[in-house]
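K.L.:
all I have is the shape, not the residue letters:
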């Protein structure tokens, strides 16, 4: 009987990222991942449905998290302030300090059409949650949809810029990106 | 030998839309579409790779069209003015006068995960073309990416609003949506 591995999930994710980067996503098998991690395939499938989901684990709860953040923001907070607070929280909790991993992750996703598709679905699901959250707060459908699309755009574009810098925090880059967007739309 | 059918493509598209709406996308076969259109399956496959592509025909050239519009805009035109001119042109050429068809199209796409995925890919391909177009015009990557994402957002959100109105032109709604976006980001 396998012992309980408290860090099994992280070890499998790390091993998978390494192998995807070394030999490609398509060529990497689940047994190769578990061998690298020193764990069994049974343990793998306790944590992930398949090798693709290793790359998207932890994303499933993001839409519900976003909707909760929006619902719980104090009355009277501007929608944009709600968005910025949410993006800053996500930047600090999930991005800061993980730049190399995220760079590696993006490079792997870029190599495979199925992974790119999965990434688009992830962004669409998050945008739908933000839209529903603002709609529930009483915003009209057009503003709710604009905020939803703009928040995923701000995050995606800011992460791209952040991956190319050495020293700036993602939360600060998000502010700069917003200023750039405003200037572009006012031109 | 089949006679040349000058309007075969449009008849097949119309028949497919009707059948998808009546009996669902999954339940509709290519022979059912061709029977409704009074044409052969051979004619069908001369125009479309499969029944899904009936819904996305004519989209393939949009990215190249967008890139060309951006490349050919007079020097000194602001990026936002280039975007607005492009969106207005697409609104007049491809949307105005086709509201019922587009409403039906959106309803069908909403029913099927594979179609929603295809729609996301279509938007991503268009955004990539806009981004590359502005990058080629000398814009930095952040501004090019923001313009790309914002232009697909403006179009998508404006079409949604347009489908719910009776009298306003899509080109005018695009201007209103942009004003709403500016106000939302300045709050």
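P.N.:
Now that the structure is in, tell me what you want to look at. Just so you know, these numbers come straight off a predicted model, no measurement behind them. Numbers count the residues shown, from 1 in each chain, chains lettered A, B, ... in the order given.

K.L.:
who touches stretch A:20-35?
P.N.:
Residues from elsewhere that reach stretch A:20-35 (C-beta atoms under 8 Å, 6 or more residues apart in numbering or on different chains): A:12, A:15-16, A:19, A:40-41, A:43-45, A:50-51, A:54-55, A:104, A:107-108, A:111-112, A:115. The C-beta positions use only the backbone N, C-alpha and C, and glycine is treated the same way.

K.L.:
quick one: is stretch A:87-95 near chain B?
P.N.:
No: Stretch A:87-95 is not in contact with chain B by C-beta under 8 Å from any C-beta of the partner chain; minimum separation 13.3 Å.

K.L.:
where does the residue most central in space within chain A land in three-state SS?
P.N.:
The centroid of chain A falls nearest to residue A:59 when counting by C-alpha atoms, centre = their mean (6.0 Å). Following DSSP: H, G, I helix; E, B strand; the rest coil, we place residue A:59 in the coil state.

K.L.:
quick one, domains of chain A?
P.N.:
Per the record, chain A has its domains at A:8-55, A:58-186, by automatic domain parsing.

K.L.:
show me the shaky parts of chain A.
P.N.:
Low-confidence segments of chain A, defined by pLDDT under 70: A:1-6.

K.L.:
residues in it within reach of chain B, list them.
P.N.:
Residues of chain A lying near chain B (C-beta under 8 Å from any C-beta): A:78-81, A:116-117, A:120-121, A:124, A:141-143, A:145-147, A:149-150, A:153, A:156-157, A:160-161, A:177-178, A:180-182, A:184-187.

K.L.:
could you tell me which of those residues belong to helices?
P.N.:
By the criterion of DSSP state H, membership of these in helices covers A:79-81, A:116-117, A:120-121, A:124, A:141-143, A:145-147, A:149-150, A:153, A:156-157, A:160-161, A:177-178, A:180-182, A:184-186.

K.L.:
buried ones among those residues?
P.N.:
Among these, those buried by neighbour count (16 or more other C-beta atoms under 10 Å in any protein chain shown) are A:79-80, A:117, A:120-121, A:124, A:142-143, A:145-147, A:149-150, A:153, A:157, A:161, A:177-178, A:180-181, A:184-185.

K.L.:
now the domains of chain A in JSON lines, with distance to residue B:96?
P.N.:
Output for the domains of chain A, formatted as JSON lines (distance: least, C-beta to C-beta, whole Å):
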{"stretch": "domain A:8-55", "distance to residue B:96": "41"}
{"stretch": "domain A:58-186", "distance to residue B:96": "19"}
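
K.L.:
now a ChimeraX select for only the buried ones of the contacts of stretch A:20-35.
P.N.:
Buried residues among those (16+ other C-beta under 10 Å), as a ChimeraX selection:
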select /A:12,15,16,19,43,44,51,54,55,108,112,115
